[in-house]
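**Q** What follows is a protein structure lacking sequence information:
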């Protein structure tokens, strides 16, 4: 027996090793346990360093996080999405943030928001544990590559420090996988486990529609496992979606369908991210690093695909009896589908890649295990070094980030606590405890960008917004009822505000200050 054959068969024996009662002899092999725990702790330290020392827990670092937390506040005050305000995402995040919104109602919105951000950090650490649990039977090098890739992939880091959807999508996907795949990474034949997995992935899809990608891939495996598995999995997913989305759909059927489905399919965005930027970003490299040359990122992705395919061929030649596992096939399918969806989507932000991270981590983990059948010692050293480089590179970038500014004191000075302020970024208002959109006479406009998409037939941040009738009616309504307005650019340069709204804004509001990139307008006393 050659060294390569011995390595592979020992690895298979470790995966399939069971005790007399059919359960794994060692639920958590010690190397996998320690590598997973250490990586999760290291990620936690990095994220808490960002949160506390760099100010990400109490700073202004995203636009979407204020929207998602604000939804929880609205629900805690009885204001429903779709019926009372525009929400272009399914209602899962609204329900998840409701406890934090209720906490903010009992204490202060700033406290609730900061605790919600800390909660997401713990979710991100739990994701490392879920992945480590999934691949715990693999060679320790594969476990190391997987957990480090998931934890310190740059798009993951950019999504894990605040209230965004991607860490929750990763959690739901990996948690669902745990119920489907057994210790040999084969899809289970237990209808009960398929039912639970379907419910989990249904809940995940209720947070963002991307959750349907792993759901559809697993649906194919459920069909191959038999009719009972298929019906239980599909029934679990459908039931979860119906329970969470059904009440909102019944209360506002037209708005729900339009905002969650039609707008998402037809949406367009003036600031379109190029394909080369997206491909480089998903490779964990700055999208602008190599200019606007498309062939280079394509070549790099082709090289990654070539290495993965070559490792599969190598494995089959060394040990023809060892087939590619169901988990690995699922991860590769999800990797391809999610990457393709990012390339064709009308909009792309760097933190979107956080949802690609678990599938990339699973694929690279198994690829690393297969490559160990070459020169084992050399490949082990190479992959350990690569994992260390990923970790050091991520830590270096985090350590060199600029400190996030604290909530602007200008909001405290300009607006009283009871003021009704409409903003393009509600994070600052929440952190300054000036968030009052749930007040009865205050316009319920939590997501101006999403409202522009809905009113403008899927188009936002475009000159056409100024002539969209419904959007301009909304702008005038907001300005008539608001005590203040916070924009991220001067009002006269913002294309979404049409001539009538601009005229009203100039005659009834004055620019009180510019702070941390925010242009703060307040209603004049005479108006």
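**A** Nice, I can see it. Computed from a prediction, not measured in an experiment: that's the story for all the values here.

**Q** contacts for stretch 139-148?
**A** Stretch 139-148 is touched from outside by 7, 11, 14, 31-32, 35-36, 39-40, 128, 131-132, 135-136, 138, 361-362, 364-366, 368-369, 372, 379-380, 383-384, 386-387, 390-391, with contacts defined as C-beta atoms under 8 Å, 6 or more residues apart in numbering. Backbone N, C-alpha and C define where each C-beta goes, glycine included.

**Q** quick one: which of these sit in strands?
**A** Counting by DSSP state E, none of the members of these fall within strands.

**Q** Next up, the contacts around the nearest residue to residue 266 once chain neighbours are set aside.
**A** Counting by C-beta to C-beta, 6 or more residues apart in numbering, residue 266 lies nearest to residue 458, which is 3.7 Å off, once chain neighbours are set aside. Residue 458 makes contact with 262-263, 266-268, according to C-beta under 8 Å, 6+ apart.

**Q** Quick check: phi and psi on residue 458?
**A** Note on residue 458: backbone dihedrals following degrees, to the nearest 10 are phi 90, psi 0.

**Q** about what we covered before: just the contacts of residue 458 now: which is nearest residue 481?
**A** residue 263 (24.4 Å; C-beta to C-beta).

**Q** wouldn't that closest one be in contact with residue 88 here?
**A** Yes: taking contacts as C-beta atoms under 8 Å, residue 263 lies within contact range of residue 88: 5.4 Å.

**Q** Spit out the residues that contact these two alike.
**A** Shared contacts of residue 263 and residue 88, defined by C-beta under 8 Å, 6+ apart, comprise 450, 453-454.

**Q** now that we have the residues you listed, which one has the most neighbours?
**A** With neighbours taken as other C-beta atoms under 10 Å, the top of these is residue 453, carrying 26 neighbours.

**Q** now the helix or strand hosting it: how far from the chain's centre is it?
**A** Here residue 453, judged by DSSP states H and E, is contained in helix 448-455. Taking the mean of its C-alpha atoms, helix 448-455 sits 21 Å from the chain's own mean (C-alpha atoms, centre = their mean, to the nearest Å).

**Q** Which residue comes closest to the most centrally placed residue in the chain once chain neighbours are left out?
**A** In the chain, the centroid-proximal residue (C-alpha atoms, centre = their mean) is residue 166; its distance is 1.1 Å. Excluding its sequence neighbours, the residue lying closest to residue 166 (C-beta to C-beta, 6+ apart) is residue 354, at 3.4 Å.

**Q** Can you verify my assumption that that neighbour contacts residue 151?
**A** No: judged on C-beta under 8 Å, residue 354 makes no contact with residue 151 at a distance of 11.1 Å.

**Q** Pretty sure residue 430 sits against residue 68.
**A** No: between residue 430 and residue 68 there is no contact under C-beta under 8 Å: 10.8 Å.

**Q** Any stretches of the chain with poor pLDDT?
**A** 1-26, 269-272, 286-292, 407, 526-527 (pLDDT under 70).

**Q** Strands of that one, start to end?
**A** Going by DSSP E, the chain shows strands at 268-269, 421-423, 459-460, 484-487, 509-515, 518-523.
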